[in-house]
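Asks: Any chance you could fold what I've pasted below:
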Amino acid sequence: MGNLLSAGMYRLLRSKVFYVGILAMIFLEVWVISNSRQGSYFVEGLESQNLFSFNMFVPLGLAVFCGLFIGEEHTSNALRNQLIVGHSKAKVYLANLLLSALAGLSYFAVSAVSGLLFGLATGSELQFEALELGCFFFLSLCAVLGAASLSALLANLFTSRSMGVVVSLLLAIGLLFFAGNLSNTMSEPETIPQYRPIEQLIGDTTTLVYAADPTLPEVPNPAYPQGAWRVILEFLWNFLPACQGTRLTEVSITAEAFFPLLGYAALFIVLTTAAGLAIFQRKDVK
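Replies: Got it, this is the predicted structure:
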């Protein structure tokens, strides 16, 4: 295992894909915060200026990195050679997983540090207390490790490097879109006000508009998920790293949700690692 990690670290530190990913993470973090400083966001704290937006970008960077970095072992027959010299499939998989996690930690670190330095240097201030800020960063770290675990799983399943990159990247993008839509769904109120028509004079024209009537009782919101469907959505909302990243980016996590989310993040890493090991053990390495 040590030899595999040493050889992997040697490759990692000389990987152009790894360093391009680092530069991309820094650029995206600074660019997003810079754009968020426009309008009303400028008067809010740095946390509300998309400081945690790297949770949206790091999974994309990891999908590309793992697909290319791990996929290279398939195309160059390095994986087969590792097995021939006596390394087990489990050790090979875990070594690749640890290298993927290390890449994810690097992307996380450069994004967080560059975002903090840029925001503070340009006049923004932090509103969170030190403990709350630390909790957000720690949850972000767990979400990044979950994304690394999923990316490593997919990259180890495909013999074709290009196929692994495409599938991993498409899945990462799809999960981000799913998380964004789920965010809108989970933020729906349980009840909504009733509206009634009101005639409003605009210039010389009388227009009929609908306005909320506070005198009428609120009615159930048809867009609010209920029953078993809501239980499923809440589980995905807590379980998937993309959903955790979206909630962190939106700074919509309460103090009561911190520890449950840590448990969900650990569960995701354990399940994806176990699934990856089980599938990779059955994989026919030519």
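Asks: Tell me where the model's unsure across the stretch 51-200 of the chain.
Replies: Within the stretch 51-200 of the chain, the stretches falling below the threshold (pLDDT under 70) are 79, 83, 199.
Asks: repeat that for 90
Replies: Applying pLDDT under 90 to the stretch 51-200 of the chain flags residues 51, 67, 69-93, 119-132, 155-165, 187-200.
Asks: Please enumerate the helices of it.
Replies: All helices of the stretch 51-200 of the chain, identified by DSSP state H, counting those that start in this stretch, fall at 54-69, 71-75, 78-84, 89-121, 130-157, 161-186.
Asks: looking at the ones you listed, which is buried most?
Replies: Each of the helices of the stretch 51-200 of the chain was assessed for mean neighbour count using mean count of other CB atoms under 10 Å. The highest is helix 54-69, with a mean of 26. Using the backbone N, CA and C atoms, a C-beta is placed for each residue, glycine as well.
Asks: Next, format the helices of the stretch 51-200 of the chain as JSON lines and append distance to Phe239.
Replies: What follows is the helices of the stretch 51-200 of the chain, written out as JSON lines (distance: least, CB to CB, whole Å):
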{"stretch": "helix 54-69", "distance to Phe239": "15"}
{"stretch": "helix 71-75", "distance to Phe239": "27"}
{"stretch": "helix 78-84", "distance to Phe239": "30"}
{"stretch": "helix 89-121", "distance to Phe239": "18"}
{"stretch": "helix 130-157", "distance to Phe239": "9"}
{"stretch": "helix 161-186", "distance to Phe239": "11"}
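Asks: And these: which comes nearest Gly245?
Replies: Smallest distance to Gly245 across those (CB to CB): 3.2 Å, for helix 54-69.
Asks: the inter-axis angle of the closest one versus helix 161-186?
Replies: 160 degrees (axes from the mean of the first three to the mean of the last three CA atoms, to 10 degrees).
Asks: rewinding a little: I'd like to know which of the helices of the stretch 51-200 of the chain lies nearest to Arg230.
Replies: For those, distance to Arg230 was read as CB to CB. The smallest value, 8.8 Å, belongs to helix 161-186.
Asks: ok, the closest residue to Val209 other than its chain neighbours - how many residues close by?
Replies: Computed as CB to CB, 6 or more residues apart in numbering, the closest residue to Val209 that is not its neighbour in sequence is Gln200, at 5.1 Å. Using other CB atoms under 10 Å, Gln200 is surrounded by 11 other residues.
Asks: Same check on Ile279?
Replies: For Ile279, the neighbour count with other CB under 10 Å is 13.
Asks: picking up where we left off before, for the residue nearest to Val209, which residues make a bridge with it?
Replies: Applying DSSP bridges to Gln200 gives these bridge partners: Thr207.
Asks: For it, give its distance to Ile192.
Replies: 21 Å (CB to CB, to the nearest Å).
Asks: Please apply the same query to Asn181.
Replies: In this structure, Asn181 and Ile192 are 19 Å apart, going by CB to CB.
Asks: same question, Ala179
Replies: Separation of Ala179 from Ile192 (CB to CB) stands at 24 Å.
Asks: do Ala121 as well
Replies: Note on Ala121: its distance to Ile192, by CB to CB, is 43 Å.
Asks: just Pro260 next, same as before
Replies: Relative to Ile192, Pro260 is positioned 28 Å away (criterion: CB to CB).
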